[in-house]
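S.K.: Pasting the sequence and the predicted model now:
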Amino acid sequence: MPLVAHNALPTFDRLRRDGITVLSTERAANQEIRELHVGLLNMMPDAALEATERQFYRLVGESNPIAQFYMHPFTLPALPRGAAAQAHIAQFYESFEAIRDKGLDALIITGANVSHPNLADEAFWQPLIEVIDWAWDHVTSTLCSCLATHAVMQFRHGQTRMKQPHKIWGVFEHRVTDAGHPLVADINTRFDVPHSRWNDVSRAQFEAAGVKVLAESADAGVHLAVSGDGLRTVFFQGHPEYDTVSLLKEYKRDLQLAVAGKLPLLPSFPLRYFNQQAQALLLEYRSRMQAGAALDFPEALLLSQLDNTWHDTAEGVIGNWIGCVYQVTHRERGLPFMPGIDPNNPLGLA
């Protein structure tokens, strides 16, 4: 059901242009449909701040036909921000204190850029832990993306992520490993997910923490896992929210930094993402840039060469997640269930 534009966040206009249904608060008030309030702790750097809003808002807005969604974005003041991002946050974001007072049904925590090998040394660590602790006790389910997954595994379970010899990045094939869990109901048993990370939490580490692995890749490791209770915390190591162009923009950034001497090595191509024609275009561009030519990045030529092989499954998983949150909060509020649903076990977990 639709997102509700309860503030003037520009993301709502962008999503309307993309065909996503977004209701005004006036229209939403006339709908006899349950509200779900979903927080978005957006820790992404300035360049990705608004894109990350759109990506997660889109997935939530496309996810479920029986609720209307009020999204509540917030961030951590300890994260460094430029002037434009600070103005955007001041105008459109809420404070954690206000969100804590009002409460949430569900929470999404994004990844973030880090500068220390140990996450506990980051300036945002203690504020992030405060949010994670509060959510554990007061939010039906928290979905952790990438670095947020690593932070929860370290803080709550003592499982520290491990630096990998090579960056895990590209579009990787995954398989469902527990088809009976409602988070993976009716999705493809084999599906793609983008990854972009240097660090990994292994299956053995998840299992040692009592966390159930639901989907993994032979090459990229675990993508989807869930806390032992079945819903309280959902873990992503990949980025199913990514737009088709997200990995392209990351490659462009790293390539231009490397050519400028700000990175020690040229980036490799993300796996299973650029086809042969795209790789040929990029090799030519890279060669000419290294020779000193001043060229625009050939993004327009590359766009038609990119395929998105993950978004439909991402919609399915997020839809299942929202459906589970809906069922549990339905029980907590004492509302009547549809026939066939056990109020004492609304997720149908064994």
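M.R.: Sure, I can see it.
S.K.: close enough to count as contact, E35 and A67?
M.R.: Yes: contact status for E35 versus A67: in contact at 7.0 Å, counting by Cβ atoms under 8 Å. Where C-beta positions appear, they are placed from N, C-alpha and C, glycine not excepted.
S.K.: These two - which one has more neighbours?
M.R.: Shown here are E35 and A67; by other Cβ atoms under 10 Å, A67 has more neighbours (22 against 13).
S.K.: how about the CA coordinates for the worst-scoring helix or strand of the chain on mean pLDDT, as PDB?
M.R.: When the helices and strands of the chain are compared on mean pLDDT, DSSP states H and E, helix 25-29 comes out lowest with a mean of 74. C-alpha atoms of helix 25-29 as PDB (Å, rounded to 0.1, in the frame of the first residue of the first chain):
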ATOM      1  CA  THR A  25      -1.700  13.000   4.700                       C
ATOM      2  CA  GLU A  26      -5.200  14.300   3.800                       C
ATOM      3  CA  ARG A  27      -5.900  11.300   1.500                       C
ATOM      4  CA  ALA A  28      -4.300   8.900   3.900                       C
ATOM      5  CA  ALA A  29      -6.600  10.100   6.700                       C
END
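S.K.: Which strands or helices does it pack on?
M.R.: Applying 3 or more Cβ pairs under 8 Å, 6 or more residues apart in numbering; DSSP states H and E, one finds that helix 25-29 makes contact with strand 3-5.
S.K.: Next secondary structure after the strand it packs on?
M.R.: Downstream of strand 3-5, the first helix or strand assigned by DSSP states H and E is helix 10-17.
S.K.: Tell me how far that following helix lies from the chain's centre.
M.R.: 19 Å (Cα atoms, centre = their mean, to the nearest Å).
S.K.: helices or strands next to it in the packing?
M.R.: strand 3-5, strand 22-24, helix 46-61.
S.K.: I'd like the mean pLDDT over the longest one, please.
M.R.: Across helix 46-61, pLDDT averages out at 95.
S.K.: same question, stretch 252-266
M.R.: The model assigns stretch 252-266 a mean pLDDT of 90.
S.K.: what's in contact with the strand or helix carrying I108?
M.R.: Assessed by DSSP H and E, I108 sits inside strand 106-109. Applying Cβ atoms under 8 Å, 6 or more residues apart in numbering, the contact partners of strand 106-109 are 36-41, 43, 56, 60, 128, 131-132, 135, 139-145, 148, 321-322, 325.
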